[in-house]
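Peer 1: kindly return the folded structure for what I paste below:
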Amino acid sequence: MYAKGKLPWGFSYQVNFTPRLEFLREYRHQSSLNPLLASQKGISNRRNQTVYSWQLDNVINWNKKYGKHSFDATFLFNAEKFQSWNTTIQASNFAPNDNLGYSSLQSATLAPVVATDDQYATGDALMGRLNYNYDQKYFFTITERRDGYSAFGQQNPRANFPSVALAWAFSDEKFMKNASGWLDYAKARISYGENGNREIGRYAALSNLASGTYVYITAGGTPINVGRVAGSNLANPALKWERNSSINFGIDYSILKGIVSGSIDVYDRTTKDLLVNRTLPSVTGFNSILVNLGEVKNTGFEISVNTNNLKRKNIE
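Peer 2: Next up is the predicted model:
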């Protein structure tokens, strides 16, 4: 759902709201009439899950032209939320029979196994971008974005990601007139930008708790099942965004009246603060902890060529 409209002095505003609602109801019964399950006297599973998420984008644009100077600015405020509720029940060994299946879980003589998994996460973002060009020959773009995500540690829930780019359409310069017979368009560009990765569990930075039981022997020798709660992983309040930075040099071209076009790119990309599970010594009581560790570097080039080999009135 969206609404948009024009504002004074070259501004415009648009708001987008994207809700998503999911319902899952899964009922399954494996009958004791199955010879392979006769000893278990029926197995039933019931699962109820509801997921509700939404994303809200507020976008302000500004466009203005003064002679050969053109300006285009965009400002964004984003908010998002995810929430889910999940309950699963499994039961078996029905008595006197399993004719009612998952509609009579209370008939199971083995205690039903009940598990719940409710999750909640939020995110937000602020972004500003300015595009400028002079006479459609010289181009400049600068962007600053600040993202936040609740899954990261309390010390670093947000991070800044800047980018800047320059471009020059040199085919429009006077000194390129001699090439106008075969060169349609050529633009050189250079850019630097950063972005982030947040693909981690929604509670990965927290110390989660796991419940269970242990047997306690009383003074009289009677065993008693006692409930317990213990940490299942270590917290990392300093966990932060994985960062990817890249610098790119490129040329876009079109020759022979559009018959051949394409681009040439050379890039140098570095990814640091990688989100990895670091192995821990067993003496800590835990196997691993999610941390920012390591760096990866990639360099290379890409060449693309598009050709229009056949062009007729009814065929292209």
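Peer 1: check what pLDDT the residue lying farthest from the centre of the chain gets.
Peer 2: Relative to the centre of the chain, the most outlying C-alpha is that of residue 220, 56.7 Å out, by Cα atoms, centre = their mean. Looking at residue 220, its pLDDT is 76.
Peer 1: measure it to residue 213 for me?
Peer 2: The gap separating residue 220 from residue 213 is 20 Å, by Cβ to Cβ, to the nearest Å. Where C-beta positions appear, they are placed from N, C-alpha and C, glycine not excepted.
Peer 1: same deal with residue 279?
Peer 2: Relative to residue 213, and taking Cβ to Cβ, residue 279 is found at 29 Å.
Peer 1: where in this protein is pLDDT low?
Peer 2: 311-312, 314-316 (pLDDT under 70).
Peer 1: run the last query once more with 90
Peer 2: 7-10, 30-42, 91-116, 136, 153-154, 171-185, 207-234, 255-259, 280-288, 307-316 (pLDDT under 90).
Peer 1: quick check: beta-bridge partners of residue 271?
Peer 2: Beta bridges link residue 271 to residue 244, residue 296, judged by DSSP bridges.
Peer 1: list the contacts of it.
Peer 2: Applying Cβ atoms under 8 Å, 6 or more residues apart in numbering to residue 271 gives the contacts 242, 243, 244, 245, 295, 296, 297, 298.
Peer 1: repeat that for 10 Å
Peer 2: Residue 271 makes contact with 195, 197, 242, 243, 244, 245, 246, 294, 295, 296, 297, 298 under the criterion Cβ atoms under 10 Å, 6 or more residues apart in numbering.
Peer 1: format those residues as a markdown table; extra columns: neighbour count and distance to residue 97.
Peer 2: Supplementary listing: the contacts of residue 271 in a markdown table, determined by neighbours: other Cβ atoms under 10 Å; distance: Cβ to Cβ, whole Å:
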| residue | neighbour count | distance to residue 97 |
| --- | --- | --- |
| 195 | 16 | 59 |
| 197 | 13 | 53 |
| 242 | 20 | 55 |
| 243 | 19 | 61 |
| 244 | 18 | 60 |
| 245 | 16 | 65 |
| 246 | 16 | 65 |
| 294 | 13 | 58 |
| 295 | 10 | 63 |
| 296 | 10 | 60 |
| 297 | 9 | 65 |
| 298 | 11 | 63 |
